[in-house]
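# What follows is a predicted structure for the sequence shown.
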Protein chains: 2
Amino acid sequence: MTAEDAPTALHRLRQDNAERVLGCLRERGELSRAEVAERSGLSRTTLSAILGDLLRRGVVVETERAPSNRRGRPTSGLVLNPATGQYLGLELGRNRLRLVLADAAHRVRARADLPYGAARSAADRLALAERAVREAAAGHGISLDSLAGIGVGSTGPGELVLAPAGGLAEHAPRGRELVADRLARAFGAPVGVDNNTRLTALAEATWGAATGAADLLYAHFSHGVGGGLIIGGQLVRGTGGVAAELGHLPVAEDGPDCWCGGRGCLERYASVPALLRATGHRRWSVLRAAAERPGPEREAIRAAGTRAGAALAALCTAVNPGRVLLGGELADLGEPFAEPLRTSFAERGMRSLRGVGFGTATTAPWGGALGGLALALRESPLLARYPLPGPGDPGPSVPAATGS
Amino acid sequence: MTAEDAPTALHRLRQDNAERVLGCLRERGELSRAEVAERSGLSRTTLSAILGDLLRRGVVVETERAPSNRRGRPTSGLVLNPATGQYLGLELGRNRLRLVLADAAHRVRARADLPYGAARSAADRLALAERAVREAAAGHGISLDSLAGIGVGSTGPGELVLAPAGGLAEHAPRGRELVADRLARAFGAPVGVDNNTRLTALAEATWGAATGAADLLYAHFSHGVGGGLIIGGQLVRGTGGVAAELGHLPVAEDGPDCWCGGRGCLERYASVPALLRATGHRRWSVLRAAAERPGPEREAIRAAGTRAGAALAALCTAVNPGRVLLGGELADLGEPFAEPLRTSFAERGMRSLRGVGFGTATTAPWGGALGGLALALRESPLLARYPLPGPGDPGPSVPAATGS
C-alpha cells in the first residue's frame, strides 16, 4: 500500500464501518448505542466517531426509548432518519395481495390488502399491485420518489431474484424475474423476490415471535405447506432454491405420488386440502367449527399433527434450529394440531432436539408482506444514497425537518 | 473519527485485509493471485500492496504451478511460507487414532495411524495420542514449537469446543472439553474439537471430492451413521450441536425405539451392525464377500440403500445442498448400495432435488484427521504471530531459509 492510497483506503474503511452501522439499524429498526456496538463489532471510539458524523448529517436520529431497566430511566435509542427512504413489502399470495409501506425507521405508514378479483394473469396482477401501491402512497402522503427498496413474497419454491432499479432483463422475463423486472421499472427502485413462506421467517425474526433470533425454522401449514429457515441470521435458500420445503418432506413410506415428483409428501397429510379431503367437508370454516368438539374432525387434525411432528423432527435433525414457529390455518387450530405435533416430534426426534422451543408465529396474515419489507431493508444499502464525507467533501445531509 | 485515530484505523484496515488474504491461503493452500483477489474481494491495487509486503517479509512465498491453461505456460502460485507454522489434525476414532501433521502450505509432513490397544480411558487415549504426535514429529524432524493450531475429530454428536493455547478449564473438564484442554496444555497451541463426520465434510471440501464446494452434505455409513453439512462455505453445527445427524433421521414410521430417544432412526437400517443383524453374519468381511453375487446379502444392502435414499431426500429437502458425498463401509460396497440409494432419493424427493450431484468421498480413512487439520487451518489466525508492520515498526520477517 503506497502513501497515496492512504486517504482512499481510510475513507473506504470508514465507509465500510458506516455501512455496518447503517446495516444494523436497517435490519433492526431502533437500537441503543450499546446494541449497535455489539452487533457491529466496532470499538467505542470508532463507533462514536461514525455516529457523530451520521447524527450531524441527520442520517441517524436519536429517539427516547421507553424505560427498560428497573430504575425506570428512559434511555436514548438510535434509528435511521425516516426521511432517508421508504421501503415496500408486497405479498403476491394465492388469491390476494398485501402490501406494507414503511420508512427506514421501521415505522409502518400504510397497509393494503385486496383480492385479485378479475386480474388473473401475472401481468394483470402486477398492474393491480402497482396501482394499489400508488393509491396507498397517495392516501398517506408518501412520496414514492424516496422508495429505496422493494421486497416481494411470491408463491412456489425457487431462488431469490434481485433486480436493480432500472429493471432486470432484456429477454422476456417469466415468473419471479417478471415480477422483479416490472416493479423495478415501475418504481425505479431495486427489487428482491423470494418465496413468501421463507420471507415470513424473516418477518418473524424481525418483528414477530422470534425477534432477533439467529436460528429459526418457520413452518407454515395452509393450502400449501412450506418452511423458512434462518441459520446464523441468514435465510437459507439452498443450491436449487428449495431449502426448507417442508411440504415436500417425505413422511409416508407408501404414500401417493406428489406433483413435486416425490412420494408421500407431508403436504398430502397436513394441509387444508388434505384435511378437507379426510373429513369430507368442503369448507374450512365448517371443519374448523366441527373440530371444537371431539369427533372425526378432531381425529383427522390429530393425525395431521402427528405427521407434521415427524416431518419437523426430520427437518430439525438436519439443521437443528433453536426455535420452531408454527403458522397457517392448521396452526390457527391451536392445541388440537399443536399438541399431537409436539408429541410426535418428541417421540420421533432424538433427545438432543428436546431443547427446541416451539411457538406460534405472530405476523400473520402480514408475514409475507412484512418479510418482503425485511428483505428490502436488509438488501438495499442506504450508503449509496448517503455516502460519508470524503476528502474535501462534507457529504450529503438529510433535511432536518422530516415529517412522518 | 478524529485525525489522531487515522494511522491506527488505517493500520487496522491493512491488518484486516492482510488477515483476509492469509485466511484464503490457510483455507485453500495454493492459490493464484487472481484466485486470491476473487476470494478476498480486495481490489488489485490493495491486494498488490498487501502481497508485496507479505512476500517481502517471507510470510507468503511464490510457487511455480503446473500449467493449467492450453498454452501450457506455468503460472505462479502463492502459498503461506511453510515455516510460518505447523498444524495438527487428529482423529480420535472408535478403535484407533489417526494423525496428520502439515505445514501452513498444506504439505502433509507426517501421518500416523495406531490402535488404542490397552488404552481404554479418555485420559489414557489422550496420553497415547500425545506420544504418537511427539514420535511422528521427531521421526520427521518437525519442531512442535511451531505448532500453530490443532483440530480434533471425535465420536458422538455435540458442539464445537475451542481451547486457547494455555488450556480451557479450571473445573475438571469432561468429553470434548477434556480433549481440548489436555492437548492445548500439552502442546501450547489452540485446539478445536468437533465431530469427526462433520470434519470429514470439511476435509472433502478442502482436499477431497468436493474441493472448493460451498454447499455440501457428507453422508457417512459405518458402525454409526452421521453427516456433515456445509452451507455457504461454513460448517453448520446447529443450536444444540446435532445438525446433520443423518443416523437419527426418522425413516420408519413403526420403527423401533433408538438409544437417541427417537424412533425408526436410519442408523437402525443402514449401518454395519444393522446389515450384520439383517444377514446373520458376524463379520463385515464375510458379508462383503457374499454381497459380490446376488443373494440375501445383496437384498439386505439394497433395502439399506433404499432407506438411506429416503433419508437423504428428507435432508436435502431441508437444506438443498448442491452435492452429496457418500462415505463409510456401506458406501465402499459401491453400486449395490449406491444404486438403490439414488433411485429411492429420486423417487422420494421432489423433482427440484434431481440437480443434486452424488459422489463418493475420497479422503477416507483420513477424513477425520484431515478434517481436523482443515479446522485448525481455518480457525488459527496466523496474523497474531506475524502482524503487519505498524507505524515505525517494520514487522517480523520469516527467515528466508525454510527447509521442508
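Happy to help now that I have it. Model, not experiment: these values are computed from the prediction. Numbering: from 1, shown residues only, chains lettered A, B, ... in the order given.

# quick one, what contacts A:W366?
A:E91, A:R98, A:V100, A:R111, A:A203 (CB atoms under 8 Å, 6 or more residues apart in numbering or on different chains). All C-beta spots, glycine's among them, are computed from the backbone N, C-alpha and C.

# Where does the first one sit: helix, strand or coil?
Yep, that's A:E91 we're talking about. The three-state label given to A:E91 by DSSP: H, G, I helix; E, B strand; the rest coil is strand.

# which residues does it contact?
A:E91 sits in contact with A:97-99, A:152-154, A:196, A:199, A:366-369, A:371-372, where contact means CB under 8 Å, 6+ apart.

# Buried only: go through those residues for me.
A:97-99, A:152-154, A:196, A:199, A:366-369, A:371-372 (16 or more other CB atoms under 10 Å in any protein chain shown).

# wait, which of these is closest to chain B?
Nearest to chain B out of the buried ones among the contacts of A:E91 is A:S154 (CB to the nearest CB; 15.9 Å).

# who does that closest one bridge with?
Each beta-bridge partner of A:S154 is listed here, defined by DSSP bridges: A:L92, A:N195.

# could the buried ones among the contacts of A:E91 be laid out in a markdown table, adding secondary structure and distance to B:R307?
Listed next are those as a markdown table, based on DSSP: H, G, I helix; E, B strand; the rest coil; distance: CB to CB, whole Å:
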| residue | secondary structure | distance to B:R307 |
| --- | --- | --- |
| A:L97 | strand | 44 |
| A:R98 | strand | 43 |
| A:L99 | strand | 46 |
| A:V152 | strand | 40 |
| A:G153 | strand | 36 |
| A:S154 | strand | 36 |
| A:N196 | helix | 34 |
| A:L199 | helix | 34 |
| A:W366 | coil | 42 |
| A:G367 | helix | 36 |
| A:G368 | helix | 36 |
| A:A369 | helix | 42 |
| A:G371 | helix | 36 |
| A:G372 | helix | 40 |
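
# just the residues you listed now: which is nearest A:R65?
Using CB to CB, A:W366 comes nearest to A:R65 of the buried ones among the contacts of A:E91, at 24.4 Å.

# what's the distance between that closest one and A:R176?
According to CB to CB, to the nearest Å, A:W366 stands 21 Å off from A:R176.

# Can you list the low-confidence ranges for chain A?
A:1-10, A:12-13, A:66-74, A:380-404 (pLDDT under 70).

# at 50 instead, please
Of all residues in chain A, those with pLDDT under 50 make up the ranges A:1-5, A:382-388, A:391, A:401-404.

# Run through the strands of it in chain order.
Under the criterion DSSP state E, chain A contains strands at A:31-32, A:60-64, A:76-80, A:86-92, A:96-103, A:108-115, A:147-154, A:161-163, A:191-195, A:216-221, A:225-231, A:234-235, A:323-327, A:357-360.

# Name the residues of the last one that are buried.
Of the residues in strand A:357-360, those buried under the neighbour-count criterion (16+ other CB under 10 Å) are A:G359.

# Dump the C-alpha coordinates for it into PDB.
Coordinates of the C-alpha atoms in strand A:357-360 are reproduced here as PDB (Å, rounded to 0.1, in the frame of the first residue of the first chain):
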ATOM      1  CA  GLY A 357     -38.500 -24.200  21.500                       C
ATOM      2  CA  PHE A 358     -42.000 -24.300  19.900                       C
ATOM      3  CA  GLY A 359     -44.000 -21.200  19.400                       C
ATOM      4  CA  THR A 360     -46.700 -19.600  17.200                       C
END
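
# Would you mind pulling up the elements that it packs against?
Strand A:357-360 is packed against strand A:323-327, helix A:335-348, with contacts defined by 3 or more CB pairs under 8 Å, 6 or more residues apart in numbering or on different chains; DSSP states H and E.

# other SSEs contacting the shortest one?
Contact analysis of strand A:323-327 by 3+ CB pairs under 8 Å, 6+ apart lists helix A:196-207, strand A:216-221, helix A:335-348, strand A:357-360 as its packing neighbours.

# outside of the longest one, which residues touch it?
Counting by CB under 8 Å, 6+ apart, helix A:335-348 makes contact with A:221, A:291, A:298, A:301-310, A:312-314, A:316, A:326, A:330-331, A:353-354, A:356, A:358, A:360, B:250, B:262-264, all of which sit outside it.
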